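**Q** below is the sequence, then the predicted model.
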Amino acid sequence: MFGTLWRHHAPHAHRHPRDVFAANAIEGDPIEEFVIDVHSHPGPDSGHQGFNHHYLGGGVDDLLRVMDRTGVDVSCFSAHTAIGPDFVRGNALVAGAVRAHPARVVGFAVPNPNYPELAKEELIRRVDDQGFRGIKIHSTNHAYPIHGPNYAPVFEFADDHRLPILSHTFDSPARLKELAARYPNARFIWAHAIGAHVRDPDLAMTVRDLPNVFCEMAGSGNRRGQIEAFVRVAGIESAVFGSDYPVLSQTWQLGNVAHADLSEAEKRKIFSQNIRGVLGL
Amino acid sequence: MLDLFDANCALGMVGRPSPAGAFLSAAQLVDHQARFGVSRGLVYHTLALEEHPAVGNALLTEAIADCDTLQPSWLALPHHTGEFPAPATFVDELRSAGVRAVRIFPDHQRFLTDDWVMGDFFAALAGRVPLFWHIERLNAPTARDIHRVCCAHPTLQVVICDVDKMINRTMTPLMRQLPNLWLETGGYRTHRGIEFMATAVGHDRMVFGSKLPWQALGQPHAELAYADVSGAARRAIAADNLERLLAMAAW
Ligand SMILES: [Zn+2]
């Protein structure tokens, strides 16, 4: 039935002129624009690979090589072990990366709320002394509720220092709204927001009215048109690029945003402009 | 731009579309794929999955009748319940329709792949038509099923489709021990996964897939485009391996 209506002869690529992001990505070339990855978890370059699953590399040097391939200029590092068993050891690893690669690495300090005193010391040392510019919390891995008392000093610290806080969840849109209002100088970045939004579509509506909230786009196999649908409701200003390296693949996540059905100007906002000032870049 | 042959795409309406919707015609699918350099697709019909293979396979024939770039693949079921032809009959139907690829979705369509269910079917396909086996998860039962089927039917060419990211520790020994096993990359989003498999197993054992219409094609495309492999390896995964697999079909 379709054959009588049309016959396909050649790709119609000319119908869809590519912006710079899609043009680079389609060739597997580094993105020529400034790109920030707000979400990465390198480990040590120790030769061992993987954690609860196997992958090649996964260390600081490996991530820097991947960034060279993809054209990601700056990544926000929080160490893999920091969101797992040993936040002090992990923060120290990132401190080394910040020292060695100040132009490419933004340190995000991880506090484990199950060690409140040590968490406070860590934030002071990493942010005040070592130039970290953000905080990463992982309430799921550390099995501690977002609204538990030991996270309150962390939010206060972020508010005092005007820092971004990256988290895989802030529980619910309602909780996020409450936090964003109580700590107006902190910036909340909801990682994997697409997945959270699919589970609770109120998220995009909520974020729309919150200037200190950002949503990061990494997900496991984002559905076609999902980013576009999200920013149409949440507003393009709230969207930021992140990969969750090496749990997820930076190249996979880059392709999702670079090829999204958005304008070049909109992609530029996601890839850098929305978050650049927040990170002091 | 990389020339791609998509091993895992579907056309037709779906019950739970992604926000960008489904491809209601071959033309829509082909046009979307062309934006990414996908010049050929090994396609199945969504109703073969979401309703019944007997319905969807017939619709597919009609939908791509005059399309040069989409090649048909049919879904199959066990025949014991009388809802699907016996293996010999099914193979005859494949041959007369020129269909060179068969898919099974055992998890979704609720059947086991043990030989007492599917043994005669696998035997009928072996050496004739490659089997694209869509899994929900590479968990212990599924991995053991794949191992058993590939060992029991060494001339059956099996392409595992719809894998997830955390598969290396199980998939690597499977691929190494089973020379009749291939990996479709549409769900394989492990950091440097393509590069790893190309080294550990061989780049000739992977075929590119998109998981259209559900998944955004930019993701698996970038995963292959940026993979740290040779140009020859990238082209092989992109299209040549699938061409070769289909060329091995008996008709
Ligand atoms: Zn994370």
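**A** That came through, no problem. Since we're looking at a predicted model, the values are computed, not measured.
**Q** which residues touch residue A:268?
**A** A:21, A:33 (Cβ atoms under 8 Å, 6 or more residues apart in numbering or on different chains). Every residue, glycine included, has its C-beta placed from N, CA and C.
**Q** what does residue B:187 give?
**A** Neighbouring residues of residue B:187 by Cβ under 8 Å, 6+ apart: A:221, B:161, B:162, B:163, B:164, B:165, B:211, B:215, B:220.
**Q** so which of those residues wins on neighbours?
**A** residue B:220 (30 neighbours; other Cβ atoms under 10 Å in any protein chain shown).
**Q** wait, is it part of a helix?
**A** Yes: counting by DSSP: H, G, I helix; E, B strand; the rest coil, residue B:220 is found in a helix.
**Q** excluding chain neighbours, give the residue nearest to it in space.
**A** Leaving aside its chain neighbours, residue B:220 sits nearest to residue B:186 (5.2 Å; criterion: Cβ to Cβ, 6 or more residues apart in numbering or on different chains).
**Q** could you double-check that that neighbour sits in contact with residue B:160?
**A** No: counting by Cβ atoms under 8 Å, residue B:186 sits too far from residue B:160 to count as a contact (10.7 Å).
**Q** what about stretch B:93-109, near chain A?
**A** No: Stretch B:93-109 lies out of reach of chain A by Cβ under 8 Å from any Cβ of the partner chain, never closer than 15.5 Å.
**Q** buried ones in that stretch?
**A** In terms of neighbour count (16 or more other Cβ atoms under 10 Å in any protein chain shown), stretch B:93-109 has its buried residues at B:94, B:99, B:100, B:101, B:102, B:103, B:104, B:105, B:106, B:107, B:109.
**Q** contacts for the top helix by length along chain B next, please.
**A** Secondary structure of chain B per DSSP state H: the longest helix is helix B:140-152. Identification of contacts with helix B:140-152 by Cβ under 8 Å, 6+ apart yields B:106-107, B:112-115, B:118-119, B:122, B:133, B:135-136, B:156, B:158, B:160, B:170, B:174, B:177-178, B:180-181.
**Q** one more time with 7 Å, if that's ok
**A** B:113, B:115, B:122, B:135, B:158, B:160, B:170, B:174, B:178, B:180, B:181 (Cβ atoms under 7 Å, 6 or more residues apart in numbering or on different chains).
**Q** TSV for the buried residues of stretch B:93-109, including secondary structure, distance to residue A:214 and pLDDT?
**A** TSV is the format used below for the buried residues of stretch B:93-109 (DSSP: H, G, I helix; E, B strand; the rest coil; distance: Cβ to Cβ, whole Å; pLDDT from 0 to 100):
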residue	secondary structure	distance to residue A:214	pLDDT
B:94	helix	52	97
B:99	coil	49	97
B:100	coil	48	97
B:101	coil	44	98
B:102	strand	46	98
B:103	strand	41	98
B:104	strand	43	98
B:105	coil	38	98
B:106	helix	42	98
B:107	helix	37	97
B:109	helix	41	97
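**Q** just the buried residues of the contacts of helix B:140-152.
**A** By neighbour count, with 16+ other Cβ under 10 Å, those hold B:113, B:122, B:135, B:158, B:160, B:170, B:174, B:178, B:180, B:181 as buried.
**Q** what sits against the second one?
**A** To tie it back to what came earlier, the one meant is residue B:122. Per Cβ under 7 Å, 6+ apart, neighbours of residue B:122: B:149, B:153, B:156.
**Q** spatially central residue for chain B, please.
**A** residue B:132 (3.9 Å; Cα atoms, centre = their mean).
**Q** which residues does that one contact?
**A** Contacts of residue B:132 by Cβ under 7 Å, 6+ apart are B:73, B:101, B:102, B:103, B:159, B:161.
**Q** returning to that earlier point: help me confirm that the residue nearest to residue B:220 comes into contact with residue B:211.
**A** Yes: using Cβ atoms under 7 Å, residue B:186 is in contact with residue B:211, at 4.2 Å.
**Q** residues contacting residue 222?
**A** Let's take chain A. Residues near residue A:222 by Cβ under 7 Å, 6+ apart: A:194, A:256, B:216, B:219.
**Q** I was after chain B.
**A** A:25, A:251, A:252, A:254, A:255, A:258.
**Q** now with 8 Å?
**A** Contacts of residue B:222 by Cβ under 8 Å, 6+ apart are A:25, A:28, A:251, A:252, A:254, A:255, A:256, A:258, A:259.
**Q** can you give me the neighbour number for the third one?
**A** Around residue A:251 there are 29 other residues, counting by other Cβ under 10 Å.
**Q** and it, what element?
**A** Per DSSP states H and E, residue A:251 falls inside helix A:250-258.
**Q** give me the contact list for that helix.
**A** Helix A:250-258 is contacted from outside by A:21-22, A:24-25, A:31, A:35, A:37, A:40, A:63, A:66-67, A:69-70, A:72, A:217-219, A:222, A:227, A:241-244, A:267, A:270-271, B:189, B:191, B:216, B:218-223, B:225-227, using Cβ under 8 Å, 6+ apart.
**Q** which of those residues fall within strands?
**A** Counting by DSSP state E, the part of the contacts of helix A:250-258 found in strands is A:37, A:40.
**Q** so the residue in the stretch 1-150 of chain B that chain A sits nearest to, which of the three states?
**A** Closest residue of the stretch 1-150 of chain B to chain A, Cβ to the nearest Cβ: residue B:66 (2.0 Å). Secondary structure, three-state DSSP: residue B:66 is coil.
**Q** cool, residue B:132 as well?
**A** Residue B:132 - assigned by three-state DSSP - is strand.
**Q** quick check: closest non-adjacent residue to residue A:107.
**A** Using Cβ to Cβ, 6+ apart, the nearest residue to residue A:107 is residue A:132, at 3.6 Å.
**Q** oh, I was asking about residue B:107
**A** residue B:136 (4.1 Å).
**Q** that's a strand at the one you found, yeah?
**A** No: counting by three-state DSSP, residue B:136 is not part of a strand but coil.
**Q** give me phi/psi at it?
**A** phi -90, psi -30 (degrees, to the nearest 10).
**Q** count the neighbours of it for me.
**A** The number of residues near residue B:136, taken as other Cβ under 10 Å, comes to 12.
**Q** where does pLDDT dip in the stretch 101-250 of chain B?
**A** In the prediction, the stretch 101-250 of chain B carries no residues with pLDDT under 70.
**Q** enumerate the residues of it near chain A.
**A** B:164-169, B:172, B:187, B:189-193, B:195-196, B:211-228.
**Q** quick check on those: which are buried?
**A** The neighbour count (16+ other Cβ under 10 Å) marks B:164-168, B:187, B:189-193, B:195-196, B:211-228 as buried among those.
**Q** among these, name the ones in helices.
**A** B:168, B:193, B:195, B:196, B:218, B:219, B:220, B:221, B:222, B:223, B:224, B:225.
**Q** would you confirm that the last one contacts residue A:23?
**A** No: shown here, residue B:225 and residue A:23 do not form a contact pair, counting by Cβ under 8 Å, at 11.8 Å.
**Q** chain B versus residue A:89, what's the distance?
**A** Going from residue A:89 to chain B by Cβ to the nearest Cβ, to the nearest Å gives 21 Å.
**Q** right, I'll leave it there.
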